[in-house]
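Visitor: When you get a sec, could you give me coordinates for this:
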Amino acid sequence: MSARVAASWQTSLADLSLILFMIAAAALSRQEGERRAMTPAPSSRDAAASPPGTPLAVYLALPGAPPLGPWLSQQAADPRQRLTITAFYGPAPETPAAALAEAASLARQAGSHGIRARIVVEPGRGPARAVLAFDDPAPADAVARSLLERGDRSSEGIPGP
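Guide: Residues are numbered from 1 along each chain as shown. Have a look, this model is predicted:
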């Protein structure tokens, strides 16, 4: 068997593998487009949920737990972090007002340590919780605009406008 014949079948196999890959990628792309077309577009009346961040630290307001303030002072301070306090309420006789009062109490404790909190009250079970995460709600274009206004350089070293 000559070396030329051995290389020939390997080249053919590589070509066929490439063709199979391209066909599979095209089929997956088509399926994704069909899936997007089938999902209804959100209406302006629908509330947009804030994108969840990756929790860095979680505090549960359980009986016997230390107050929120000392817990916050033990966490690493970072201005990009956001504190979200979530309180839950169940069916009657519990009301959202009781959950809101509990969340407001935790927010006051955080405020006494100089940290503003976002409060979420929703149906569910469990103790109130406070979550520190990097989930700044600022849109990406606002962040980019603020960097350009400061005159930061791009990755190519070109000064901003």
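Visitor: All the helices of the protein, residue numbers only.
Guide: Listed in chain order, the helices of the chain (DSSP state H) span 3-38, 68-73, 96-111, 140-150.
Visitor: Would you mind checking the average pLDDT for the shortest one?
Guide: Average pLDDT, helix 68-73: 89.
Visitor: Send over it as CSV, restricted to the C-alpha atoms.
Guide: Below are the C-alpha coordinates for helix 68-73, written out as CSV (Å, rounded to 0.1, in the frame of the first residue of the first chain):
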residue,chain,number,x,y,z
LEU,A,68,-28.5,41.6,60.0
GLY,A,69,-26.2,44.5,60.8
PRO,A,70,-23.3,42.5,62.3
TRP,A,71,-23.7,39.9,59.5
LEU,A,72,-23.3,42.7,56.9
SER,A,73,-20.2,44.1,58.6
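Visitor: elements contacting it?
Guide: strand 55-60, helix 96-111, strand 129-133 (3 or more Cβ pairs under 8 Å, 6 or more residues apart in numbering; DSSP states H and E). For every residue, glycine as well, the C-beta is placed using N, CA and C.
Visitor: Put together a markdown table for these, with mean pLDDT and mean neighbour count on each row.
Guide: Shown next, in a markdown table, are these (pLDDT from 0 to 100; neighbours: other Cβ atoms under 10 Å):
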| stretch | mean pLDDT | mean neighbour count |
| --- | --- | --- |
| strand 55-60 | 88 | 14 |
| helix 96-111 | 91 | 17 |
| strand 129-133 | 91 | 21 |
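Visitor: Name the spans of this structure whose pLDDT lies under the cut-off.
Guide: Low-confidence segments of the chain (pLDDT under 70): 1-7, 32-53, 92-94, 135-161.
Visitor: need the contact list for Arg116.
Guide: 83, 110 (Cβ atoms under 8 Å, 6 or more residues apart in numbering).
Visitor: Adding distance to Ser73, write the helices and strands packed on helix 68-73 out as JSON lines.
Guide: Converted to JSON lines, those look like this (distance: least, Cβ to Cβ, whole Å):
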{"stretch": "strand 55-60", "distance to Ser73": "12"}
{"stretch": "helix 96-111", "distance to Ser73": "11"}
{"stretch": "strand 129-133", "distance to Ser73": "12"}
